[in-house]
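Colleague: give me coordinates for this.
(2 chains)
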2 protein chains.
Amino acid sequence: MSESELPVIEMRPYRWGDPAKEARLPDAVAGALTALGAVPAPAPVPPEDATLPGSTLPAGARTALEAAVGTAHVSVDPLVRVAHTRGWSTPDLLRLRAGDAADAPDAVVFPGTAAEVAAVLGICAARHIAVVPFAGGTSVVGGLVAQRRGFAAVIALDVRRLDRLVALDEVSRTATLQAGMRGTAAEALLNGRGYTLGHFPQSYEGAAVGGYAAARSAGQASAGYGRFDEMVVALTLVTPAGTVRLGTAPRSAAGPDLRELVLGSEGAFGVVTDVTVRIRPRPQERIYDGWRFPDFATGAAALRRLAQDGPLPTVLRLSDEAETAVNLADPGSAGTSPPAAGGCLAIAGYEGTGEDVRSRRARAGEVLAAGGGEDIGTDPGERWRAGRYSAPYLRDPLLDAGALVETLETATFWSNLEPLKAAVTAALTDSLTSAGTPALVLCHLSHVYETGASLYFTVACAQAGDPLAQWAAAKAAASSAIRGTGGTITHHHGVGTDHRAIYHQEIGDLAVEALRAVKRTFDPEGICNPGVLI
Amino acid sequence: MSESELPVIEMRPYRWGDPAKEARLPDAVAGALTALGAVPAPAPVPPEDATLPGSTLPAGARTALEAAVGTAHVSVDPLVRVAHTRGWSTPDLLRLRAGDAADAPDAVVFPGTAAEVAAVLGICAARHIAVVPFAGGTSVVGGLVAQRRGFAAVIALDVRRLDRLVALDEVSRTATLQAGMRGTAAEALLNGRGYTLGHFPQSYEGAAVGGYAAARSAGQASAGYGRFDEMVVALTLVTPAGTVRLGTAPRSAAGPDLRELVLGSEGAFGVVTDVTVRIRPRPQERIYDGWRFPDFATGAAALRRLAQDGPLPTVLRLSDEAETAVNLADPGSAGTSPPAAGGCLAIAGYEGTGEDVRSRRARAGEVLAAGGGEDIGTDPGERWRAGRYSAPYLRDPLLDAGALVETLETATFWSNLEPLKAAVTAALTDSLTSAGTPALVLCHLSHVYETGASLYFTVACAQAGDPLAQWAAAKAAASSAIRGTGGTITHHHGVGTDHRAIYHQEIGDLAVEALRAVKRTFDPEGICNPGVLI
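Modeller: You can find the predicted model right below:
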């Protein structure tokens, strides 16, 4: 489909990640699932047998789109449509595993330039066709759910052909990347020139630059390299009403920072076609340490010291007691080899020049030790690094085995961290237990800032008869707890359709109205990712 | 007028800063001015003799405002009105020195709570009265110019009574400050609790928190403490349509970062009534070093090394050859004692714990020396620190002596820094020379980022017969050069009325439309600081 050959994985529909990396469930986990009451689930319906509606794309629209981007770059092939149906959340997978591709777009369009993106938006605006921007397709919050109501049709606008490194400014240390470039491809290209982007989200093997920007992705090395939104210094947004190019300087006092209005806009204002990001020299050395803390509060306080007074490691995270016991840091031995003495496992990783790594590691180690941490050496750290993208692969065999597994995340200021963690844990536990499916609720502190941190929760239990309803209830309870405790509904997953209602509570009606006003300006027909964000 | 007693300076109308700190012009400077053709200007018209229109505030509006905030907190006193006329730019001063207070607001209202701010906005929206939010009153870009056309009257909404430290969260290291708190007062309060805000703009002696936020202020120690917009984690915006409270976490993926939409909005969307900012421990040690570089390009490259690879000093700046020769770093001896060997003076200041200061200073010193810098000891650094707020005081005696003095600033990415500097210098020099008033154009690199830096220009020449027109032409030439070279029209002064047209070119028509749509949502009657920003 694409004219360019990229070193990217062709993602399987509705399984996580790289097909070559399928995970097997450790025996101990299988046993634990049986104890939780899980019964093996029916085999997934293969993509070619999924049920999807016939394409409603009008013939005239198809002709116009083919004229705009080339006949080869418009597809109504059912398998292509299924591959662009929803994202990587557990509810998304559950629907697809059951053969339900009702949300499939009517067509998938692959523009090759920003001008072609503009042309596609123009055609769709004129014909009232909804457009779902699609970069890596890895949303876990319903960011790719086609809202069909009121529209003649829905298309996925797949930006994978926008896959070039447009510019590399080695003096300013910036790179301009097109939106369809996979994170892996960007990193490989930059590595070849001696640089790194340093953005390694859990979805790294699938996600692409446009999605990073649209959904405010944060990677596992955000302590050292920053969040993706912090890396962006300029961007181009193509909207039905025209094109906006933002970013004339690293920082400016020229009014509101409109880059920050586009970042996180999730395709609701148009399509981000390229971003200019800061880059860093490729690290010469990497060392990842494991630390054990007696409990989560002690560990969090030590991490806070580093976040507030430095020095910051490149990667910094802390698993709570439950997560440490399950040992998600080492999926290959999950459940089999918990750290002997229990407690909470922290990972502190350092990347940079040799001197920088040695200096930061020594000083951070002093802070962690003074904060009650026990240095347990590089083995746990390096195991975590080796397995950093592996944990989500367990979800597929877990779903096969009849388990329900999902994650959610939030962030807050430091003084509110413990109450937030307690409230979300209780909400998830209570909701699932009261539904007759006792749950394992694991948590780690995933990203730190001077004034606060994020919490990442993993939940596992047996699937109930209707696992979608089962998770919807648990998720609603967790979201309500987050809102009630004053956290943000999402630290790095995004809003999508899943968080939209509670997001509106978070920012308030008047701010939502302001976003709607912006949307009307950029997208008068309301065709851009309708139902997502606003 | 205020119920609370603040340790703030009562600013003189139309002279810079603290009345106790009046500057005298060094003889050498006076001589240089004579050489440039400056002829002593007429004595300024005293404020009490300024010409201002009678207040057009309707009696009914005054009654309603008095009911909302108390009779003592609504003033139509001509001196109070003059003291709220325009800001601290040279054109503002030139108008007022000539006795022209035509832009005076019809009344000044001093609400004491956010609820009173909302009430004032409601009264003014209903009666079509324009509202100019007024915090420190130090705008140098026309941010306080009342746009009268089409409105029944114009009021200044002075937030100085909103002067409390609302909350101090020592765990999260945040402080919630009301908008009317002067920077000096905030710093004193926080110092008393062991913290610092670390925000020291040139207008420090007058500016207040609300203005910092509304205009995206950046302080002289931004390398270490960040810009003000980078410090803000939450804020409250009171608009005619309601109140918006933003900021549930340090960072979030919950949609666009709407804090960044309010920061820099310059009162056009409503009134910022409080901000929550990150704070830092009060530094235990401070050391400021001077460094000499053979030329600006060499110095800029060395500063870029620090900005990109670290370690960053707390203060980092580099004067060009012309500014170094004039020695603005030491206003007391300006023009009399240039560093013996010429070149370019850099200041590298370090604040923090003793160990942090020693470590950063040693490592940064190595980078500066490797980059061609000569360590010229702490004398120039400490002189700069002692005189950091003094330079602008020279403007008053310079204006008295018939000189025209003004500043402007911009920012860009590193690879564009030299072209931008050259273009702006040439534009200013050419414009003023062709008008028959050869100019001294000085520049320093004032703030650094990984991907770029800001440039701050100071211009001096003899006043022409119409100094307002003279400066307007020079400023237009500089702005055009900035736009033509791709820099931002302002790095930390703001947009105001002075930069509005070129700002719109910078972000483009469609982005301006989006801002207008936001304004219509928050301010349907268009009463909030009309003519500023949009």
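Colleague: for A:Glu260, which non-adjacent residue is closest in space?
Modeller: The spatial neighbour of A:Glu260 that comes closest, neighbours along the chain excluded (Cβ to Cβ, 6 or more residues apart in numbering or on different chains), is B:Glu260 at 3.5 Å. The way it works is simple: take the backbone N, C-alpha and C, and place the C-beta from them, glycine included.
Colleague: could I get the strand or helix carrying that neighbour in PDB with only the CA atoms?
Modeller: Counting by DSSP states H and E, the secondary-structure element that holds B:Glu260 is helix B:259-262. As requested, C-alpha coordinates have been extracted for helix B:259-262 and formatted as PDB (Å, rounded to 0.1, in the frame of the first residue of the first chain):
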ATOM      1  CA  ARG B 259      -3.100  26.400  31.000                       C
ATOM      2  CA  GLU B 260      -0.900  27.300  28.000                       C
ATOM      3  CA  LEU B 261      -3.900  28.900  26.300                       C
ATOM      4  CA  VAL B 262      -4.400  31.200  29.300                       C
END
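Colleague: OK, contacts around the residue nearest to A:Glu260?
Modeller: When the contact criterion is Cβ atoms under 8 Å, 6 or more residues apart in numbering or on different chains, the partners of B:Glu260 are A:Pro256, A:Asp257, A:Arg259, A:Glu260, A:Leu261, B:Asp229.
Colleague: report whether the helix or strand hosting the last one contacts chain A.
Modeller: With secondary structure defined by DSSP H and E, B:Asp229 is part of helix B:228-231. Yes - using Cβ under 8 Å from any Cβ of the partner chain, helix B:228-231 comes into contact with chain A via B:Asp229, B:Glu230.
Colleague: now that helix: buried residues?
Modeller: Using 16 or more other Cβ atoms under 10 Å in any protein chain shown as the burial criterion, the residues of helix B:228-231 that qualify are B:Phe228, B:Asp229, B:Met231.
Colleague: look up the closest residue to the residue of chain A most remote from its centre, ignoring the ones flanking it.
Modeller: No residue in chain A sits farther from the centre than A:Gly60, which is 35.9 Å out by Cα atoms, centre = their mean. Leaving aside its sequence neighbours, A:Gly60 sits nearest to A:Arg127 (Cβ to Cβ, 6+ apart; 7.5 Å).
Colleague: quick one: pLDDT of that neighbour?
Modeller: For A:Arg127, the pLDDT comes out at 98.
Colleague: what's it in contact with, if anything?
Modeller: For A:Arg127, the contacting residues are A:Pro58, A:Gly60, A:Ala61, A:Ala64, A:Ala152, A:Ala153, by Cβ under 8 Å, 6+ apart.
Colleague: ok, it to chain B distance?
Modeller: 22 Å (Cβ to the nearest Cβ, to the nearest Å).
Colleague: separation between that residue and A:Ile527?
Modeller: A:Arg127 sits 9 Å away from A:Ile527 when distances are taken as Cβ to Cβ, to the nearest Å.
Colleague: hang on, the earlier thing: quick one, phi psi at the residue nearest to A:Gly60?
Modeller: Per-residue torsions, A:Arg127: phi -110, psi 10 (degrees, to the nearest 10).
Colleague: surely A:Ala268 is in a helix?
Modeller: No - when DSSP: H, G, I helix; E, B strand; the rest coil is applied, A:Ala268 is found to be coil, with no helix at that position.
Colleague: ignoring the adjacent residues along the chain, who's closest to it?
Modeller: Nearest residue to A:Ala268 in three dimensions, chain neighbours excluded: A:Leu533, at 4.3 Å (Cβ to Cβ, 6+ apart).
Colleague: and that neighbour, helix, strand or coil?
Modeller: What three-state DSSP gives for A:Leu533 is coil.
Colleague: that one and A:Ala501 touch, don't they?
Modeller: No - contact status for A:Leu533 versus A:Ala501: not in contact, 11.5 Å apart, counting by Cβ atoms under 8 Å.
Colleague: quick revisit: assign the residue farthest from the centre of chain A to helix, strand or coil.
Modeller: helix.
Colleague: state the distance from it to chain B.
Modeller: A:Gly60 sits at a distance of 28 Å from chain B (criterion: Cβ to the nearest Cβ).
Colleague: not counting residues beside it along the chain, what's closest to A:Ala464?
Modeller: The nearest residue in space to A:Ala464 (Cβ to Cβ, 6+ apart) is A:Gln470, at 4.1 Å.
Colleague: over to A:Gly526?
Modeller: Taking Cβ to Cβ, 6+ apart, and ignoring the residues beside it in sequence, A:Gly526 has A:Lys519 as its nearest neighbour in space, at 7.1 Å.
Colleague: now the helix or strand harbouring that neighbour against helix B:509-522, angle please.
Modeller: Assigned by DSSP H and E, A:Lys519 belongs to helix A:509-522. An angle of 150 degrees separates the directions of helix A:509-522 and helix B:509-522 when computed by axes from the mean of the first three to the mean of the last three Cα atoms, to 10 degrees.
Colleague: for helix A:509-522, packing partners?
Modeller: Here helix A:509-522 is seen to pack against strand B:242-246, helix B:509-522 when contacts are counted using 3 or more Cβ pairs under 8 Å, 6 or more residues apart in numbering or on different chains; DSSP states H and E.
Colleague: quick check: mean pLDDT of the last one?
Modeller: Spelled out, it's helix B:509-522. If you average the pLDDT over helix B:509-522, you get 98.
Colleague: what's the most distant pair in the contacts of B:Glu260?
Modeller: Using Cβ to Cβ, the contacts of B:Glu260 reach their maximum pairwise distance at A:Leu261 and B:Asp229, which is 14.0 Å.
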